[in-house]
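J.: Below is the sequence, then the predicted model.
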Amino acid sequence: MPLQALRWALELTQQQVAAALGINQVALSKMESQTDLYVSTPRRLVEAMGGERRIVAHFPQGAVEINPFLRKPEPVKPEPTEPAAA
């Protein structure tokens, strides 16, 4: 769904969303009309409208949520231990 259509469906004006983002209405209008956006742009817009943006890839085997900010933790290497005193 285009971001402008989402805003309309939520019955929000450009002025309301722009105020939530701390930008002016003209800047929001430009953001809504862009066809090539950074991932952070729709996230900011959706959050300003009270939602949460998620990126989901759909494959024949199932859907996978993509979150570029989550990283698989590196395995922790155990600290070497000193031999017990005899």
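T.: Alright, I've got the coordinates.
J.: Give me the residues contacting stretch 48-59.
T.: 6-7, 10, 12, 17, 20-21, 39, 42-43, 46-47, 63-67 (CB atoms under 8 Å, 6 or more residues apart in numbering). C-beta here means a position set from N, CA and C on the backbone, and glycine is covered the same way.
J.: go with 6 Å
T.: Here stretch 48-59 makes contact (CB atoms under 6 Å, 6 or more residues apart in numbering) with 10, 12, 17, 20-21, 42-43, 46, 63-66.
J.: Now do that stretch: distance to the chain's middle.
T.: Chain-centre distance of stretch 48-59: 7 Å, with CA atoms, centre = their mean, to the nearest Å.
J.: Per-residue pLDDT of the residue nearest to residue 47 when sequence neighbours are not counted, please?
T.: Leaving aside its sequence neighbours, residue 47 sits nearest to residue 53 (CB to CB, 6 or more residues apart in numbering; 7.0 Å). On the pLDDT scale, residue 53 is placed at 88.
J.: before we move on, back to that, mind listing which of the contacts of stretch 48-59 are in helices?
T.: Counting by DSSP state H, the part of the contacts of stretch 48-59 found in helices is 17, 20-21, 42-43, 46.
J.: May I ask which two of those residues are separated the most?
T.: Of all pairs drawn from the ones in helices among the contacts of stretch 48-59, the widest gap by CB to CB lies between 20 and 42 and measures 14.2 Å.
J.: hang on, the earlier thing: name the element the residue nearest to residue 47 belongs to?
T.: Following DSSP states H and E, there is no helix or strand that holds residue 53.
J.: That one: neighbour count?
T.: Using other CB atoms under 10 Å, residue 53 is surrounded by 14 other residues.
J.: Quick check: it vs residue 28, distance?
T.: Distance, residue 53 to residue 28, by CB to CB, to the nearest Å: 16 Å.
J.: Counting neighbours, which bits of stretch 42-55 end up buried?
T.: Going by neighbour count (16 or more other CB atoms under 10 Å), the buried part of stretch 42-55 is 42-46, 48-49.
J.: mind checking how far the nearest residue to residue 2 once chain neighbours are set aside is from residue 49?
T.: Once flanking residues are discounted, residue 2 sits nearest to residue 32: 7.6 Å by CB to CB, 6+ apart. As for residue 32, its distance to residue 49 is 12 Å (criterion: CB to CB).
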